[in-house]
Every structure is written in C-alpha cells, then in structure tokens.
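**Student:** structure for the following, please:
(one chain, ligands or ions: 1)
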Amino acid sequence: MNTEIRGIVIDPGHGGSDPGATGNGIIEKDLNLKISQYMYDRFKELGIPVYITRDTDETLNPTDRVNRILNAFGNREDVIVISNHINADATTADGAEVIYALRNNDVLANLILEEIEKAGQNVRYSYQRKLPSDQSKDYYFIHRNTGVTQPVIVEYGFLDSNKDDPEQLKNNYEIYANAVVNAVLRYLGIEGQQPGTYTVQSGDSLWSIARRYNVTVDALKSANKLTTNVLSIGQVLKIPEPMSDGNSDVETEIIYVVAPGDSLWAIARQYGVTVDQLKQINNLQNDLLNIGMELKIPTKSTIPPTSEMEVIYTVQPGDSLYRIALANNITIDQLKKYNNLTSDMLSVGQKLRIPSATQTVYVVKAGDSLWSIANRYGTTVDTLRRKNNLTTDTLSIGQRLYV
Ligand SMILES: [Zn+2]
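**Tutor:** Numbers count the residues shown, from 1 in each chain. Coordinates of the predicted model:
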C-alpha cells in the first residue's frame, strides 16, 4: 500500500462543558485529550503534517469542530481524521471499536484494530453506522459532515467495563495511541521504524554488519538462530545489544531550569517523558512550577520500569513463546525472565508482560556534531537527519536524538 495524504487531523472528542462519559476515575474528555496530544506529538516527530482540533479543555460544538477539521488541510479525500473516544454503557462489552464512514472502506479501521490488539487491548470490530431516518447518511456527524475526508472514530475501550478495560485505559493509553500511529504508518505504506533490526543489502556480510553495530558475529548468529554465514539480500536480522565499550555517557543527566510559561506537560513533551515520570524523579507533590526551579529530566537509565513501559499481551490459541518473542523483537529468554516463567508452556488467556522496544536516545553534548554522532553509532548523517526530522545540521546541547 502506498497512500499519499495531505495531513492528519486529530480530534479529541468532547471537551469543556461536555465531559463525555465518566466513571471508574476516568473523564472521557480528559483521556481523549491526553491520547490525542500524545498522538499529535508522534506524528510531528515523524514529520507527518498533523493538526489537533483542541489542545485544551475547550467546549467545541459540532459546527466548530467540523469547520476546524475541514479548514486544517481542506475538504479532501487525502485527509485522515482520527476522532478519539472512550466508550461507555458496557453491559458485557469490553475492548476497542472503530467506526468508519459510509463513503470509505474498512482498510484503515481494521489496521487500527489490528495494531491496538497487538498492543494488548481487547478489540471488538470495525463498523459503519447509518442514520435511522436516512440510511444514505452516516449516524455520527464526524462522518456525516466532514465532506470527503476519511474520518474514523476510535473507541479505545469501555470505562465502565467489568472486565479489564478501565485499568488498561488508565495505564496503557499511550501505548494504544502509539498503536493507532503505527496503523496509519502501515496504511500509508511507511515502514514502521523497527528499532534493532537490519535489512541485508547487497555486499553485506555477517562480519560487516557485526562491525557496524558493535556486536560479535557469534552474537548476531545466535540472535538470529543462524546456522551458516550465508545471508540473503532483503533478509531482516535482529541486532543484539551492542558490546559495552565503557561509553557510559550515552545518557547524560539533564537539569532543566523552569522558564516563564512552562508547564510540566510542555517540559515532559519536549523531552519525551511523561508528566508522572517528571513528578516522580523530582518528588513533586503537585503540578505547580516556580520560575527558576531546577528540574531533573529522567533519562532511560533513571526511568523506573512502570506499566507504561510495557505491553500486556493476552495469549491466543496457537501461540508459543517463540512466536510471541519473535513478534516483539525480544528473545524467549528475555520473555521468560520478564514474566518469571519456569517452563515454556502457555495457556490461552494468560497475560504476559512484554517489555516495550527501547530506542536509544543520545543527548547532545558540547563539541558533538551530526558526523561524530553518526560515526559513534555506525550510522550515517543522512539517516540521523531523517530519523530525527532535522532541517539543519546545527545541534544544541541537551537536544535528544534517536540513533
Ligand atoms: Zn465520546
């Protein structure tokens, strides 16, 4: 699939005087906003044009909402609209749903469900809903009044489910938001950036790849269960953790001095951490900041493992440790250790904790250049530019780069 799009509109449902559904400690409008802001940032990072209909707790009537949607990138077929919602009124229901417009096919909707399921949430189905008084029209205004765009309503789960939805929604909403981003990337035919893998090119050898990633040929072979040294072009190899070379400065502690107008949310967003992590590491009891206050910014090594860093996977019929490990780009050993498993036996419905893939973030220090960083990580300046969506080669100290 290779779909070109003009832009993505993210629409946090409800807001202001309309809270949406409430219950079990969840207020729909607030969770919708958090999901949407997270999603907005991810698309921004990826360099995909994106617009959000509200960025605060604002009351938006349907007309204003639709106007913002249509004005963002125009009334065009190549505009995707993602309206984020939390479901309620579960009787026996649990899990995510996607509703798509009568004028669209179900491809994007089903990719979203597929990715949300991979992220560990139960899913129900995708569907269209017609207006009872006129079967040619959509039931929801977000489909009916949004011209020729491609709108989907994503319901992430039921806040009043008596199954596991309420807790999952509270703990894992960022993972589900990210799942929707991955679905859109698949829809657009953009390969999801799989950290830790390498696709074999013509001229490669195990030795050259091992050297490039600072691992041994043996480690590379065992990570990929290779019995020979023969590679084929296009083969995808898992790259094991690099050898330690005493470089402990990959993650430097950052102290951030609060400036006028700062908020915890904005600072967290800037450094790619959560507000909770910021509060935890700085022992903050509330969200108030004073100008000039020094905040420690958590880095990969100081972020404690929390439920936000992992995915809960429910074992399906036919699953094996091997299949699950492979799908999540980790080893069977890591999976077993992480879940304190003593045998390889799984039972259907069993919940497994999957450590989320970690991406190495390099914090720029004085004297660094794109070239020196590229060299250190065995990559190219071009790759760094692309991965980080850089428009200039000028770096600032403390800037975070994906390597
Ligand atoms: Zn809603």
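**Student:** for residue 44, see how far away the one residue in the chain that gets nearest to the ion is.
**Tutor:** The minimum distance from the chain to the ion, using C-beta to the ion, falls at residue 85 (3.5 Å). (Glycine included, C-beta is placed from N, CA and C.) Distance, residue 85 to residue 44, by C-beta to C-beta, to the nearest Å: 22 Å.
**Student:** which one's more surrounded, those two?
**Tutor:** residue 85 (25 against 14; other C-beta atoms under 10 Å).
**Student:** how near is the more buried one to residue 266?
**Tutor:** 25 Å.
**Student:** and for residue 207?
**Tutor:** 46 Å.
**Student:** state the three-state secondary structure for residue 295.
**Tutor:** At residue 295 the chain is in strand, as set by DSSP: H, G, I helix; E, B strand; the rest coil.
**Student:** ok, and the closest non-adjacent residue to it?
**Tutor:** Of all residues not flanking residue 295 in the chain, residue 256 sits nearest, at 4.6 Å (C-beta to C-beta, 6 or more residues apart in numbering).
**Student:** repeat for residue 20
**Tutor:** Using C-beta to C-beta, 6+ apart, the nearest residue to residue 20 is residue 28, at 3.0 Å.
**Student:** any idea how far that neighbour is from residue 126?
**Tutor:** 20 Å.
**Student:** who has more neighbours, these two?
**Tutor:** residue 28 (25 against 21).
**Student:** let me see the contact set for that one.
**Tutor:** Counting by C-beta atoms under 8 Å, 6 or more residues apart in numbering, residue 28 touches 13-14, 19-22, 85-86, 88, 159.
**Student:** quick one, grab the pLDDT at it.
**Tutor:** Note on residue 28: pLDDT of 97.
**Student:** residue 243 too?
**Tutor:** If you check residue 243, the pLDDT there is 63.
**Student:** poorly predicted segments of the chain, please.
**Tutor:** Along the chain, segments meeting pLDDT under 70 span 1-3, 191-196, 199, 202, 234, 242-253, 299-311, 329, 355-361.
**Student:** list the buried residues for the top helix by length along the chain?
**Tutor:** Ordering each helix of the chain by length in residues (DSSP state H) puts helix 165-187 first. Neighbour counts over helix 165-187 (16 or more other C-beta atoms under 10 Å) mark 165-166, 168-169, 172-187 as buried.
**Student:** could you do stretch 227-235 as well?
**Tutor:** Across stretch 227-235, burial judged by 16+ other C-beta under 10 Å covers residue 231.
**Student:** can you check stretch 365-379 too?
**Tutor:** By neighbour count with 16+ other C-beta under 10 Å, stretch 365-379 contains the buried residues 368, 370, 373-374, 377.
**Student:** gap between the two ends of it?
**Tutor:** Stretch 365-379 has an end-to-end distance of 18 Å (C-alpha to C-alpha, to the nearest Å).
**Student:** what's in contact with that stretch?
**Tutor:** Residues outside stretch 365-379 that contact it (C-beta under 8 Å, 6+ apart): 211-214, 247, 249, 252, 360, 362, 364, 380-381, 383-385, 390, 393, 395, 397, 401, 403.
**Student:** what's the answer for stretch 396-403, then?
**Tutor:** 254, 271-272, 359-366, 373, 377, 379, 384, 387-388, 395.
**Student:** keep only those of those that are in helices.
**Tutor:** 271, 373, 384, 387.
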